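> Sequence first, then the predicted structure:
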Amino acid sequence: MPRPAKTIRRSLLNNILLIVFLGGAVILATTLIGAGQVAKSLSRVLIGQTVSRAEAEVTQFIKPVYQIFNLTQFWIRSEQLSAEGGAGDLLLPVLKEFNQLNAIMLIDPDGRYLIVSRIQDNYRLSVIDPAVDATTAQILYPLGETSEWQTIDYPIRLQERPWYAGAMKSEINQTYWTDAYTFFGGQTQGVTAAMRFLDQNGDEWVIATDLVLETISRFTTEFNMGYRGILIMTDSKGKLIGLPDLPQFATANGRARAYLKHPHELEFKLANDAAMAFQPDPNGSVSLEPVRFSSDAEDWWGQGVWLPLGERNEMWLGVLIPEKELLGSIDQLRVILLTAIILVTLLAVSRAIVMARRYARPISELEQQSLHISQGDFSEPIEIRSGLKEIDNLARAHKVMRGELRNLIRLEDDLQLAHQIQQKTFPDALPVMSDYDIAAASRPADATGGDTYDVIGMDCLADPPQTTLDDPDRVYLMLSDATGHGVGPALTASQVHAMFRMGVRTEQSVAEITYHMNHLLYAESYMGRFVTAWLARIDRKEDQIYSISSGQAPIIIYRAETDEFEHLSAEGPPLGVTENTVMPTVSLLRLGHGDILAVLSDGIFEARNESGEHFGQPRVETLIKRHAGDGANRILDAITDAVDLFLDGVDAGDDQTGIIVRKWTL
């Protein structure tokens, strides 16, 4: 069962809305899916940039160590500094300049040990001379002009210091970094950098400096990421040396408990989750690429980098940032984009409704006008102005069509009237002769046709002669076919019919009638128009037929005695073709008992079925022979019925006219 048709407004609205919603859905899906990929890529880029910046700032943070080493070598080689003097004047300002350093140690070739150290807000100078007493130290504290030397116990031997042992094992001028450890005294943790070098005499010195973990943590907590993230530093063994800016590490006690601990030893879930994300692969390698992980139902991104400390040590720098901090702008963009899509969709829907109404209204009006036209109402409707060029053009074309249809309807009425008039020209009844049976009929292809025929009976004994249907002395017959079919040929056929009747009324012979008809048609017909015609006169007294064919052929004669056919060709060209000045030739025909004369227009012979096959003369002759014993009307009906069956609903395409004369003797 077919679905009911939709209005153009609903169909247009449905399709536009479908396109709008599908387009919005595709854009939204693409945005959401693409945003996820963009988010990952952007997160990797942002955290990578943050790690690179942190790495650069850490490098700057420890850079003073190397600057002090270079300055100290220069001062010693230029004899501005020795273990005996110059430390307070040269090393103290350097220590004050670099807050991240806690102490500077210097050992001369004789083993004398000099220390400039920071103690809270003051500074102390310590000197240990093994040649005097290796277990005591001479100190100045606080370091200043009024300070006096004091002696304190110093039980730790130099060789027991990890930085000294490491420096002695390292190459000359190679910086050695210790792992984080607890300094002498047991209260401070840090890392120490140390280096051996030679003075101008080739004697060996050792320079070292301490970085306490408090200063490292101060750096990591104050590092500005621009995001709510944290920075963590560990030594090569994974112990914490730089703590993040978190509440549990806000106090000195909280930091002290965390220093030199592994993350899993603390209640530090974020660091533990990050450590799990950075687990080494089967080969023992730790990924330095950005890693995404979850902690406390929040997504984080982390990335670490190893910073080399000399040639034998390194420390790990890790950056952890919440994903929503990295993607805050993208989330805002998503909201803005989603809002924009909704607004655009609503705008598109409203525009779709307006457009559907704008397009559908004039078309609906045209539909109503077409309905009125179909009901025969051709009155002028309200003018349609849609503002749309194509629809306005359609409305104008519709208006023109209405006028043309009005004219066509008027013409159709005229054609119907013409058809009625043309049908009236055909004889209502045919003359009845005692020894000739006559039948005639015409079927136009259109309302009017170019074929015509006439059969006129004349009583020649009357004075003056007059037409009669009852056993006339003479019967005049005419069948003509004007080229084409329709109004033009119908008018020509009417002319021929009128001229034929005029000729019969004036008692002209068929030769004279044909002659005058040709002259008149030649003078008045349009170029290329002509008429094939057959005129005949049956003379009962002479028992013969006078026949003239002007282009009308073949004339078929069936001889009953021999059961064979004769065929007569045209005696002359169609009427109206040439201005023939010679009287046409007349053929004399005699019919015996049962003989049949058949004159048919080409609309019968040339009738073409769906396969393109013509009805043809052989079929006509077969039908005549089959119905030779029947009357003339039955023979003509058999032929027309057979043509209809042959066409099987196909348009005939041409007028079909025929006259049958059968001789019979009582």
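Good, I have the coordinates.
> gap between residue 605 and residue 615?
According to CB to CB, to the nearest Å, residue 605 stands 6 Å off from residue 615. For glycine as for every other residue, the C-beta is placed from the backbone atoms N, C-alpha and C.
> the more surrounded of these two?
The residue with more neighbours, out of residue 605 and residue 615, is residue 615; 21 against 18, by other CB atoms under 10 Å.
> Tell me where the stretch 551-666 of the chain has strands.
555-559, 564-568, 587-589, 596-600, 656-663 (DSSP state E, counting those that start in this stretch).
> Out of those strands, which is closest to residue 68?
The closest of the strands of the stretch 551-666 of the chain to residue 68 is strand 656-663. By CB to CB, the value is 126.8 Å.
> Give the residue farthest from the middle of this protein.
residue 132 (95.2 Å; CA atoms, centre = their mean).
> quick one: secondary structure of that residue?
What DSSP: H, G, I helix; E, B strand; the rest coil gives for residue 132 is coil.
> Next up, phi/psi of it, please.
Per-residue torsions, residue 132: phi -100, psi -60 (degrees, to the nearest 10).
> One more: residue 406?
phi -60, psi -40.
> what about it, how many residues close to it?
Residue 406: 14 neighbours (other CB under 10 Å).
> now residue 623
By the measure other CB under 10 Å, the count of residues near residue 623 is 19.
> What of residue 612?
6.
> From residue 118, how far off is it?
The value you get for residue 612 to residue 118, if CB to CB is used, is 118 Å.
> likewise residue 100?
Using CB to CB, one gets 10 Å for the distance from residue 100 to residue 118.
> Residue 483 contacts residue 529, correct?
Yes - using CB atoms under 8 Å, residue 483 is in contact with residue 529, at 5.9 Å.
> Need the overlap of contacts for those two.
Common contacts of residue 483 and residue 529, defined by CB atoms under 8 Å, 6 or more residues apart in numbering, comprise residue 489.
> More neighbours: those two, which one.
In this view residue 483 and residue 529 are compared by other CB under 10 Å, and residue 529 has more residues nearby, 19 against 16.
> For the more buried one, which three-state class applies?
Quick answer, by three-state DSSP: residue 529 is coil.
> can you tell me which residues contact it?
Residue 529 neighbours (CB under 8 Å, 6+ apart): 482-483, 488-489, 492, 576.
> May I ask which two of those are separated the most?
488 and 576 (13.0 Å).
> Between those two, tell me which one has more neighbours.
Neighbour tally, residue 488 and residue 576, criterion other CB under 10 Å: the higher count belongs to residue 576, 29 against 16.
> Apart from its neighbours in sequence, what residue is nearest the more buried one?
For residue 576, ignoring the flanking residues on the chain, the nearest one in space by CB to CB, 6 or more residues apart in numbering is residue 521 at 3.4 Å.
> Give me the buried positions along the helix or strand hosting that neighbour.
If you go by DSSP states H and E, residue 521 is part of helix 510-524. For helix 510-524, a neighbour-count test (16 or more other CB atoms under 10 Å) marks 510-511, 513-515, 517-518, 521-522 as buried.
> can you pull the buried residues of whichever helix or strand comes after it?
Once helix 510-524 ends, the next helix or strand along the chain (criterion: DSSP H and E) is strand 531-539. Buried residues in strand 531-539, counting neighbours by 16+ other CB under 10 Å, are found at 531-538.
> Check which residues of the following helix or strand past strand 531-539 are buried.
The helix or strand immediately downstream of strand 531-539 is strand 544-550, counting by DSSP H and E. Of all the residues in strand 544-550, those buried under the rule 16+ other CB under 10 Å are 545-550.
> Of the residues you listed, which is the nearest to residue 627?
For the buried residues of strand 544-550, the minimum distance to residue 627 (CB to CB) is 21.0 Å, reached by residue 545.
> one step back: tell me the one of the buried residues of helix 510-524 nearest residue 182?
Closest approach between the buried residues of helix 510-524 and residue 182, by CB to CB: residue 521, at 138.0 Å.
> OK, contacts around the nearest residue to residue 648 once chain neighbours are set aside?
Using CB to CB, 6+ apart and skipping the chain neighbours, the partner closest in space to residue 648 is residue 609 (6.3 Å). Residue 609 sits next to 615, 646-648, 650 when contact means CB under 8 Å, 6+ apart.
> buried sites along the top strand by length along the chain?
Counting residues, the longest strand in the chain under DSSP state E turns out to be strand 298-309. Across strand 298-309, burial judged by 16+ other CB under 10 Å covers 300-305, 309.
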